[in-house]
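**Q** quick one, structure for this:
(chains A, B, C and D)
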Protein chains: 2
Amino acid sequence: MKQNPPDNLEMLRSEIARRYSDLSPRLKQVASYVLDNPNDIAIETLAVNASRCDVQPSTIVRFGKVFGYNGAREMQRLFRDEILTSAPSPSYSERIRQFQARSNTVDRLLLCNVMREFAESNIIALEHLCEAVHTEDLDKSIELMQGAHTIYLAGMRRAFPVAAYLAYSLSHVEKRAFLLDGVAGMTSEQSWMLGPEDLVIAVSFKPYASETLAVVETAAANGAPLIVISDSRLSPVARAADVCFEIKDAEVRQFRSLTASMCLAQTLVISYAYKFGLDRPAKE
Amino acid sequence: MKQNPPDNLEMLRSEIARRYSDLSPRLKQVASYVLDNPNDIAIETLAVNASRCDVQPSTIVRFGKVFGYNGAREMQRLFRDEILTSAPSPSYSERIRQFQARSNTVDRLLLCNVMREFAESNIIALEHLCEAVHTEDLDKSIELMQGAHTIYLAGMRRAFPVAAYLAYSLSHVEKRAFLLDGVAGMTSEQSWMLGPEDLVIAVSFKPYASETLAVVETAAANGAPLIVISDSRLSPVARAADVCFEIKDAEVRQFRSLTASMCLAQTLVISYAYKFGLDRPAKE
DNA sequence: ACCCGAATAGAAAATATTTTCCAACTTTTT
DNA sequence: AAAAAGTTGGAAAATATTTTCTATTCGGGT
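**A** Next up is the predicted model:
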């Protein structure tokens, strides 16, 4: 038995490729299956995988031992970790944790470090955003935006800048947009008029503002379509949404940023502008 | 027990969201864990997942049953299938190559590509930000912020979200902050009072808003310190600034984003909060 | 054709994981 | 304040999965 089994997938894969020709026939069968179907190895049981490559379960165990592991399970762990750390959704919280562990070792009060820390957290959030947002949701949103006579934007407190940005940039692509800003406490006066031909985009994060919630409820009651941008699909505002974007924005030392939300807002507006045929949206 | 448990992940996820508020406390814990960590549910064992969301294994089984399955295993199957079908797992480099090939030939208007393009531009802008901002400017800004009795924020049009965000987050670190929002065209009424003991932070980009310019001039006339966030040192608002940050934000298809500016804003507030001795800034 | 060592299949044993069940506890109702 | 209904923790039972072990097969060398 080998002393140092490969401890990451990439190493294991090349080791398998390297020794392939020395393997016995059955082990070759296993080898090619393993290389071709890493996800199946990660997820299915030994028995299932065995029958898929037409081999006994024990053969896979032997295969694992040949490459230095104590059994098939130990080898499977590598494939599982690969999914957890990289693939589709590189567990956002995990990456944040790793990043924070790193940035703890440096003097955190040096100003340029604070800046760097922010920038990097925001970058991670942006990378995550691309993976987390479903194309269908974007599609549906654009469709709703096209169909709307007027788009009403709701967002208080931390979400306010996002709503404001949406209102601003929508008017710049020549879409009637109206910010329910609650000036003079007139949110309800501003929102009673919205109807099925309109659209509400509500932005709301953790301590969900009651005004925003009220707008959402009015929208639902009046039959107005609703797009929600929030931090969880479990938020009270997400309930009645036709489309709900769940945004995990960067958090640095208890402070959440808006980068990812703003990026989504931008994407919505520009996609709308292009799809609507404005090849060159009005210069902002 | 329900007759038709959701038979694909997306359905299950929205069902969980829909019924969230009716669930018991422990089941809520499980619900948010499940929505946030689909991959862990797919791969780790019940016991591991249970301890991750601080619950007994049996609670997860109950959770599955509440949603109509015969047990946790049956629900887990959905998460596993998602991984198996969504990632047609050829080797990683292979996938990258495929993606690039696709995105070069394919309609660049495909929505996910628009999103990716934005995210990437913003990432580049953030990376640039770290290099472009001088530590001395940050230092000096923090000092000015500390010295100020009240901080006035000015920003119209595209810059408005940044100013709004600053106003919001400054009040959350217990700094008197006041947004000169121009409601009712009262900018000048709002700004005559600012004096040398205060501080103005003005945010302004290309077609420089006259209101912002007016605020800047009032500040200069009244001897109030001034920090400017703008897209050029040569902008009219930058003239009288004590500190001027020159921000090159991402531009995608004629549209400028605010990511870098927002990131700088965040940095200013947090740095201030920490330097000022609030080891734990008020939760936002 | 026979022997020998390596490779293999398959069943049995060991281990791990999930599910069930019930007593204890909490919350709500009366 | 007591009873009822619902929720929870935890241990025991059931199930599934992996690993070990041995008899058998296979293939090359004599």
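**Q** helix, strand or coil for residue A:232?
**A** Three-state assignment for residue A:232 (DSSP: H, G, I helix; E, B strand; the rest coil): coil.
**Q** how about it, what does it touch?
**A** Residues counted as contacts of residue A:232 (C-beta atoms under 8 Å, 6 or more residues apart in numbering or on different chains) are A:238, A:246, B:32, B:35. Any C-beta I mention is one placed from the backbone N, CA and C, and that applies to glycine too.
**Q** buried sites along stretch A:240-255?
**A** A:240-250, A:252-253, A:255 (16 or more other C-beta atoms under 10 Å in any protein chain shown).
**Q** what mean pLDDT does it have?
**A** For stretch A:240-255, the mean pLDDT works out to 85.
**Q** how distant is it from the center of its chain?
**A** 10 Å (C-alpha atoms, centre = their mean, to the nearest Å).
**Q** and that stretch, end to end?
**A** The first and final residues of stretch A:240-255 sit 28 Å from each other (C-alpha to C-alpha, to the nearest Å).
**Q** just checking, residue A:196 touches residue A:224?
**A** Yes: counting by C-beta atoms under 8 Å, residue A:196 touches residue A:224, with 6.0 Å between them.
**Q** and these two? Which one has more around it.
**A** More crowded of residue A:196 and residue A:224, by other C-beta atoms under 10 Å in any protein chain shown: residue A:224, with 24 against 13.
**Q** isn't there a helix covering that one?
**A** No: going by three-state DSSP, the assignment for residue A:224 is coil, not a helix.
**Q** for the buried residues of stretch A:240-255, give me JSON lines that also has secondary structure and distance to DNA strand D.
**A** As requested, the buried residues of stretch A:240-255 are arranged in JSON lines below (DSSP: H, G, I helix; E, B strand; the rest coil; distance: C-beta to the nearest atom of the strand, whole Å):
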{"residue": "A:240", "secondary structure": "coil", "distance to DNA strand D": "23"}
{"residue": "A:241", "secondary structure": "coil", "distance to DNA strand D": "25"}
{"residue": "A:242", "secondary structure": "coil", "distance to DNA strand D": "29"}
{"residue": "A:243", "secondary structure": "strand", "distance to DNA strand D": "30"}
{"residue": "A:244", "secondary structure": "strand", "distance to DNA strand D": "25"}
{"residue": "A:245", "secondary structure": "strand", "distance to DNA strand D": "29"}
{"residue": "A:246", "secondary structure": "strand", "distance to DNA strand D": "24"}
{"residue": "A:247", "secondary structure": "coil", "distance to DNA strand D": "28"}
{"residue": "A:248", "secondary structure": "coil", "distance to DNA strand D": "26"}
{"residue": "A:249", "secondary structure": "coil", "distance to DNA strand D": "29"}
{"residue": "A:250", "secondary structure": "coil", "distance to DNA strand D": "32"}
{"residue": "A:252", "secondary structure": "strand", "distance to DNA strand D": "32"}
{"residue": "A:253", "secondary structure": "coil", "distance to DNA strand D": "31"}
{"residue": "A:255", "secondary structure": "strand", "distance to DNA strand D": "31"}
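**Q** now do the phi/psi pair for the residue of the stretch 51-200 of chain A at minimum distance from DNA strand D.
**A** At 2.4 Å from DNA strand D, residue A:71 is the closest residue in the stretch 51-200 of chain A, using C-beta to the nearest atom of the strand. Residue A:71 adopts backbone torsions of phi 180, psi -180, taken as degrees, to the nearest 10.
**Q** quick one: the helix or strand in which residue A:264 is found to helix B:259-275, angle?
**A** Using DSSP states H and E, residue A:264 maps to helix A:259-275. If you take axes from the mean of the first three to the mean of the last three C-alpha atoms, to 10 degrees, helix A:259-275 sits at 170 degrees to helix B:259-275.
**Q** how about stretch A:118-134: buried residues?
**A** Buried, per 16+ other C-beta under 10 Å, within stretch A:118-134: A:118-130, A:132-133.
**Q** for residue A:9, which non-adjacent residue is closest in space?
**A** Once flanking residues are discounted, residue A:9 sits nearest to residue A:82: 4.6 Å by C-beta to C-beta, 6 or more residues apart in numbering or on different chains.
**Q** what's the pLDDT at the residue of the stretch 51-200 of chain A closest to DNA strand D?
**A** 91.
**Q** same deal with the one 3 residues further on?
**A** In this prediction, residue A:74 carries a pLDDT score of 94.
**Q** spatially nearest residue to it (excluding sequence neighbours)?
**A** That would be residue A:64: by C-beta to C-beta, 6+ apart, it lies 6.5 Å from residue A:74.
**Q** what about that neighbour, distance to residue A:41?
**A** 10 Å (C-beta to C-beta, to the nearest Å).
**Q** one more: residue A:24?
**A** Taking C-beta to C-beta, one finds residue A:24 at 19 Å from residue A:41.
**Q** residue contacts, the residue of chain A found nearest chain B?
**A** Of all residues in chain A, residue A:161 sits closest to chain B, at 3.5 Å by C-beta to the nearest C-beta. Neighbouring residues of residue A:161 by C-beta under 8 Å, 6+ apart: A:155, A:258, A:262, B:160-162, B:164-165, B:168, B:262.
**Q** with residue A:33 instead?
**A** Contacts of residue A:33 (C-beta under 8 Å, 6+ apart): A:40-41, A:49, A:52-53.
**Q** do the same with residue A:258
**A** Residue A:258 neighbours (C-beta under 8 Å, 6+ apart): A:158, A:161-162, A:249, B:165, B:262.
**Q** my read is that the residue of the stretch 51-200 of chain A closest to DNA strand D contacts residue A:60, right?
**A** No: Residue A:71 is not in contact with residue A:60 according to C-beta under 8 Å; the separation is 9.3 Å.
**Q** quick one, which of those two is more surrounded?
**A** Taking other C-beta under 10 Å, residue A:71 and residue A:60 do not tie; residue A:60 has more neighbours (25 against 13).
**Q** quick one: contacts for that one?
**A** Per C-beta under 8 Å, 6+ apart, neighbours of residue A:60: A:30, A:46, A:49-50, A:72.
**Q** that older thread, check which helices and strands the helix holding residue A:264 sits against.
**A** Taking 3 or more C-beta pairs under 8 Å, 6 or more residues apart in numbering or on different chains; DSSP states H and E as contact, the helices and strands that helix A:259-275 lies on are helix A:111-132, helix A:135-147, helix A:160-172, strand A:226-230, helix B:111-132, strand B:255-256, helix B:259-275.
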